[in-house]
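Undergrad: Sequence and predicted structure are below.
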Amino acid sequence: MRVLVLGAGGQVGRALVAALPDATALRRSDLDIADAASASIDWAAYDTIVNAAAFTDVDGAETVEGRAAAWRTNAAGPSALAAICHRTGSTLVHLSTEYVFDGRSAQPYPENAPVAPLSVYGASKAAGDIAVHTHPRHYVVRPSWVVGDGHNFVRTMLRLAEKGVEPSVVADQIGRLTFATDLAAAIVHLVASGAPYGSYHVTGGGEPASWADVARATFALAGHGDLRVTDTTTAEYFADKPHAARRPLNSVLDLSRAAAAGVELPDWRERLADYVRRS
């Protein structure tokens, strides 16, 4: 399998490079995917291109500059890659997000649920998904609440716990953590096993929880269970942040299609314990 990993400097990109040591890895400094069509890359040399590049500053995407950057990277970039892969016959793997949904459903979101993004970030990612779907040989892989090697919620909680801070954390956003190493393994499995093309939801398994629950579990695993994590609501937390992006309250994704394809979906609580132990 000749693989090109784009966005190799991000949390998922680093995990992909570790899972695919023979792959060619490009960071944003090597390639702006919106300029992919004019890049001097021998695209035909690869049978699989994995796009982990994205503009992920959810609140930054609400600004004038951020809006343009989000649409350039999250929509124009995947569109260019889909056109390239269509021309070369390569398989395109694209990372999406649960932010393409509005989170109003009381049920886990299946892959074919209608998209209804609440934010600029979500809209730009939804546009990128649609562009990728124009290429028949595609996998759109949709995680939620990603945790890997880099800045993420769990590392923030570990830092606060170490400082003895007792934070207020939103308790009305529900989802499951996705560990980047598991996500990378899932992508390798889908491609290597020849799973049917299309979209797959891939997160950690187990019972969904709120961000506040994740914070409490992280504090306890780090030996700081004596510190208090206070529940708050999304509305209260962002009351003094009028320009913050709207977030889906329900980020729980239906994992049945990935499970049927043989993707391993480890319980997020067990993986969180491993992550905290190694941090």
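TA: Cool, got the structure.
Undergrad: ranges for the helices of the stretch 51-200 of the chain?
TA: 64-71, 77-88, 120-133, 153-163, 180-193 (DSSP state H, counting those that start in this stretch).
Undergrad: nearest to Arg269, of those helices?
TA: Closest of the helices of the stretch 51-200 of the chain to Arg269 is helix 153-163, at 12.0 Å (criterion: CB to CB). (Each C-beta comes from the backbone N, C-alpha and C, glycine too.)
Undergrad: Tell me which other helices or strands the closest one touches.
TA: For helix 153-163, the packing partners by 3 or more CB pairs under 8 Å, 6 or more residues apart in numbering; DSSP states H and E come out as helix 211-221, helix 268-278.
Undergrad: Which neighbouring elements make contact with the first one?
TA: Okay, so that is helix 211-221. Using 3+ CB pairs under 8 Å, 6+ apart: helix 211-221 touches helix 153-163, strand 168-170, strand 230-232, helix 268-278.
Undergrad: Now render these as JSON lines, adding mean neighbour count.
TA: Formatted as JSON lines, the helices and strands packed on helix 211-221 follow (neighbours: other CB atoms under 10 Å):
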{"stretch": "helix 153-163", "mean neighbour count": "17"}
{"stretch": "strand 168-170", "mean neighbour count": "18"}
{"stretch": "strand 230-232", "mean neighbour count": "15"}
{"stretch": "helix 268-278", "mean neighbour count": "17"}
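Undergrad: Of the helices of the stretch 51-200 of the chain, which stretch is the most buried?
TA: helix 120-133 (a mean of 23; mean count of other CB atoms under 10 Å).
Undergrad: OK, contacts around Ala23?
TA: 3-5, 16-17, 50 (CB atoms under 8 Å, 6 or more residues apart in numbering).
Undergrad: Tell me the most packed of these, by neighbour count.
TA: Val50 (31 neighbours; other CB atoms under 10 Å).
Undergrad: Return the per-residue confidence for Met1.
TA: Model confidence at Met1, given as pLDDT, is 82.
Undergrad: Thank you kindly, that will do.
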